[in-house]
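J.: Generate coordinates for the sequence data below:
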Amino acid sequence: MTGIGPTSQRPQGPDDADAVELPPPPPSPVERANRMSAANMLRSLLPLVVICLLIVGWTAFGQSGVDPVREIDPTSTIQLADARAGYPLLVPAGLEDGYRATSARTDAGNVAEGDPVTLEIGYVTPDGAFAGFVVSDAARSEAVGDVLDGATEGGSVDIGGTPWTRSTTERGETALSRVDGDVTVVVSGSAEDDELETVAAAVRPYAPR
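T.: Numbering: from 1, shown residues only. Just a heads-up that it's a prediction; the model follows:
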């Protein structure tokens, strides 16, 4: 006599036709870290590096042959200083084309009649250095003091028949200066001595055209 009861079932093995395939387990943290190896990171950054190099190359190509010096015309500033100055204004004149004015300023617009007037002009020299010119009848002009305060005098030099005092500034640059009554004239900058002397030799009373 066969008993009636729960049917005995055998566990299914991997070879059973009705076996269900389980999805693979998710990668472990170690496996995920290995996937983000240095090589993978470099490969992922490569397109960005290529884009950056293309941008830099295109910018350099666009700027090739462009003169970085921004030349200005100092005439209006000189004319203003000349109109307000109580002394014959001195300026460099007749400089060759290699000397290009890049800055010009004066305090003449803010002074009353009879007050001191200072004029400053900056030049880029043929060698690409800087030569600054200052003229002022102020006893303690800030523009003059910026150059000569703390400077060490090194004797005099004849430039175009006019004696100038040669000094070495605290920045180690050469300064050429001369005093005519109450008026002080200074030429200084990073330019070599011969270029500074060229600017000094061109200083003369301003003659409006």
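J.: how's the chain carved up into domains?
T.: The record's domain parsing of the chain by automatic domain parsing lists 29-63, 75-205.
J.: Mean neighbour count, the ones you listed: which tops it?
T.: Of all the domains of the chain, domain 75-205 has the most neighbours on average by mean count of other C-beta atoms under 10 Å, namely a mean of 17. Any C-beta I mention is one placed from the backbone N, CA and C, and that applies to glycine too.
J.: average pLDDT for it?
T.: The average pLDDT for domain 75-205 rounds to 96.
J.: now it: how far from the chain's centre is it?
T.: Centre-to-centre, domain 75-205 and its host chain are 23 Å apart (C-alpha atoms, centre = their mean, to the nearest Å).
J.: how long is it end to end?
T.: 14 Å (C-alpha to C-alpha, to the nearest Å).
J.: name the element the closest residue to S188 other than its chain neighbours belongs to?
T.: With C-beta to C-beta, 6 or more residues apart in numbering as the criterion, S188 has its nearest non-adjacent residue at 3.8 Å, and that residue is A175. Under the criterion of DSSP states H and E, A175 resides in strand 174-180.
J.: what residues does that strand touch?
T.: Surrounding strand 174-180, the residues in contact under the criterion C-beta atoms under 8 Å, 6 or more residues apart in numbering are 147-148, 151, 157, 159, 162-169, 184-189, 193, 196-197, 200.
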